[in-house]
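> A structural model of the following input is requested.
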Amino acid sequence: MMRNKRKCVCALFLLVITTVTIFSITRSDLYQSTLEFPVATNKERIVPTLPPPVDKYVDQLLRQNNSKTDFVDDSPAEDLKRKIRVLCLILTTKQNLLTRARVVNATWAKRCSMYFFVISFQNNRTASSQNNITDIIATPFKETREMLVYKVQYALMYVYNNFIDQFDWVLKADDDTYIIMENLRYLLSQYSSSEPGYLGYHFNMYLQNSGYMSGGAGYVISNRGVRRLAEFGLTVDGACPITKSYLIPEVSEDFEIGKCLKIAGVPVLGSVDSLNRETFHPYPISQYLLESLPEYLYEWSNNKPETGVDCCSAFSISFHYMKPGLMLLVDHLLYRTLVHGRGAGKDPRNAFKTGEVKDMKTPKIIINGV
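Numbers count the residues shown, from 1 in each chain. Down below sits the predicted model:
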């Protein structure tokens, strides 16, 4: 019976996911801040935008101040939110501000205690004009993969210098990462932010007795870990040189940050659940359900990746490579859909308007004699 239920739930979820193609990426007005951008010249590439239906839905999310789900008692989650302050650093680009970043801002980012979009700005005048914007960290580096590590280092030093007493943990994620913040705080409640620590999806590669965390799946560093990273790594000349090896053909942000954390004495913490299932995921949920993970993942992962109905922890925290439509769909299912008998906090009898329907509208067309 339980196996049939799981198959049914999985099939339903897959059916819903296949409908996600009606949403696809791209449209305008960023988020609720007063962020301004330089006017594009005719020579500049047109900034992509979200399709109108997707953009309209995002607008609705941004206009709603109340993020509570009807009929749900979310007091345990709100209590953890007050106790565990998570500062989120979300890597994005100027090209993605009106697409991926806009969707992240409308969904999971607002559940962070504090959050910043980390962007590269080459024009110093433009960057300085953003200094009064509290949700942007403008870095002076080029928008290339090789510069990602410097972009993240810059952002970590920024929050260390300006907000070190205002957070317990720092989460680094990408603009196509979806984070379930309530589950993240639940995991973090098992640890102390006053001790150095670092966790996420564990790649056991390159660094002996350590490995490093997948950047795309998101990784979390404790307050004490950020302090150690800054004071014994990033601010010490020569402490964390960029690795140049034929084994690593390109500069890898997640590897370099993991290496510097190891040098600074920040240990790796566990993030799998009691059934040994992963909570952080470097690929979208659909690839885990459909058993289509890349081969390298089985070699690199510290824990063997699982697929199918038992792929992921019930307390999953993150999924990477989430397109805007899929991100909106998952967010809606998690926060605006309930299953009776599984978490509804109020009397379900009050959920429906029952009784005979009498206030019906007159049909536009009526068949005589019926």
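> poorly predicted segments of the stretch 151-300 of the chain, please.
Applying pLDDT under 70 to the stretch 151-300 of the chain picks out residues 245-249.
> can you give me the helices for it?
Under the criterion DSSP state H, counting those that start in this stretch, helices of the stretch 151-300 of the chain are mapped to 181-188, 223-229, 253-263, 285-289, 296-300.
> what would these look like in a markdown table with mean neighbour count and distance to Tyr335?
To be clear about C-beta, it is placed using only N, CA and C from the backbone, and glycine gets the same treatment. Formatted as a markdown table, the helices of the stretch 151-300 of the chain follow (neighbours: other CB atoms under 10 Å; distance: least, CB to CB, whole Å):
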| stretch | mean neighbour count | distance to Tyr335 |
| --- | --- | --- |
| helix 181-188 | 22 | 10 |
| helix 223-229 | 22 | 28 |
| helix 253-263 | 23 | 28 |
| helix 285-289 | 19 | 16 |
| helix 296-300 | 13 | 29 |
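> can I get the ones you listed in JSON lines with distance to Ile136?
Listed next are those as JSON lines, based on distance: least, CB to CB, whole Å:
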{"stretch": "helix 181-188", "distance to Ile136": "20"}
{"stretch": "helix 223-229", "distance to Ile136": "20"}
{"stretch": "helix 253-263", "distance to Ile136": "19"}
{"stretch": "helix 285-289", "distance to Ile136": "29"}
{"stretch": "helix 296-300", "distance to Ile136": "33"}
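> Ile317 is nearest to which of those helices?
helix 181-188 (4.8 Å; CB to CB).
> can you show me the CA trace of that closest one as PDB?
Written as PDB, here are the backbone C-alpha positions of helix 181-188 (Å, rounded to 0.1, in the frame of the first residue of the first chain):
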ATOM      1  CA  MET A 181      14.500  28.200   4.100                       C
ATOM      2  CA  GLU A 182      12.400  26.600   6.800                       C
ATOM      3  CA  ASN A 183      14.100  23.200   6.200                       C
ATOM      4  CA  LEU A 184      17.500  24.900   6.200                       C
ATOM      5  CA  ARG A 185      16.900  26.500   9.600                       C
ATOM      6  CA  TYR A 186      15.600  23.200  10.900                       C
ATOM      7  CA  LEU A 187      19.000  21.600   9.900                       C
ATOM      8  CA  LEU A 188      21.000  24.500  11.300                       C
END
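> could you say what helices and strands it packs with?
Here helix 181-188 touches helix 75-83, strand 86-91, going by 3 or more CB pairs under 8 Å, 6 or more residues apart in numbering; DSSP states H and E.
> which residues does Tyr154 contact?
118, 137, 139-141 (CB atoms under 8 Å, 6 or more residues apart in numbering).
> PyMOL command to pick out the buried ones of these?
Applying 16 or more other CB atoms under 10 Å to the contacts of Tyr154, the buried members can be selected in PyMOL as follows:
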select buried, resi 118+137+139+141
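> let's see which of the contacts of Tyr154 end up in strands.
Mapping the contacts of Tyr154 onto strands (DSSP state E) picks out 118, 137, 139.
> which of these lies closest to Val272?
Nearest member of the ones in strands among the contacts of Tyr154 to Val272, counting by CB to CB, is Val118, at 28.0 Å.
> for stretch 185-200, measure first residue to last.
For stretch 185-200, the separation between the terminal residues is 13 Å (CA to CA, to the nearest Å).
> check which residues of that stretch are buried.
185-188, 191, 193, 196-200.
> spatially, which two of those residues are the most separated?
Pairwise distances across those peak at 20.9 Å for Tyr186 and Pro196 (criterion: CB to CB).
> quick one: terminal-to-terminal distance for stretch 314-332?
17 Å.
> do the same with stretch 63-71
End-to-end distance of stretch 63-71: 21 Å, with CA to CA as the criterion.
> hmm, back to that, present the buried residues of stretch 185-200 as a markdown table; the columns should include distance to Ile179.
Converted to a markdown table, these look like this (distance: CB to CB, whole Å):
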| residue | distance to Ile179 |
| --- | --- |
| Arg185 | 11 |
| Tyr186 | 13 |
| Leu187 | 12 |
| Leu188 | 12 |
| Tyr191 | 17 |
| Ser193 | 18 |
| Pro196 | 22 |
| Gly197 | 18 |
| Tyr198 | 16 |
| Leu199 | 13 |
| Gly200 | 11 |
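> Asp175: what's it in contact with?
Asp175 neighbours (CB under 8 Å, 6+ apart): 90-93, 96, 100-101, 104, 117.
> could you measure from it over to Arg85?
From Asp175 across to Arg85, the span is 22 Å (CB to CB, to the nearest Å).
> Gln153 is nearest to which of the helices of the stretch 151-300 of the chain?
Using CB to CB, the helices of the stretch 151-300 of the chain put helix 253-263 closest to Gln153, at 7.5 Å.
> CA atoms of that closest one as CSV?
Extracted in CSV, the C-alpha atoms of helix 253-263 (Å, rounded to 0.1, in the frame of the first residue of the first chain):
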residue,chain,number,x,y,z
GLU,A,253,34.5,29.1,-7.1
ASP,A,254,33.1,26.4,-4.8
PHE,A,255,36.5,24.5,-4.8
GLU,A,256,38.5,27.7,-4.0
ILE,A,257,36.1,28.8,-1.2
GLY,A,258,36.1,25.2,0.2
LYS,A,259,39.9,25.1,0.1
CYS,A,260,40.2,28.5,1.9
LEU,A,261,37.7,27.3,4.6
LYS,A,262,39.9,24.2,5.2
ILE,A,263,43.0,26.4,5.4
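> helices or strands up against it?
Counting contacts by 3+ CB pairs under 8 Å, 6+ apart, helix 253-263 is packed against helix 148-163, strand 212-213, strand 219-222, helix 223-229.
> so how far is it off the chain centroid?
Using CA atoms, centre = their mean, to the nearest Å, the mean C-alpha position of helix 253-263 is found 20 Å from that of the whole chain.
> by how many degrees do that helix and helix 148-163 diverge?
Helix 253-263 runs at 50 degrees relative to helix 148-163, counting by axes from the mean of the first three to the mean of the last three CA atoms, to 10 degrees.
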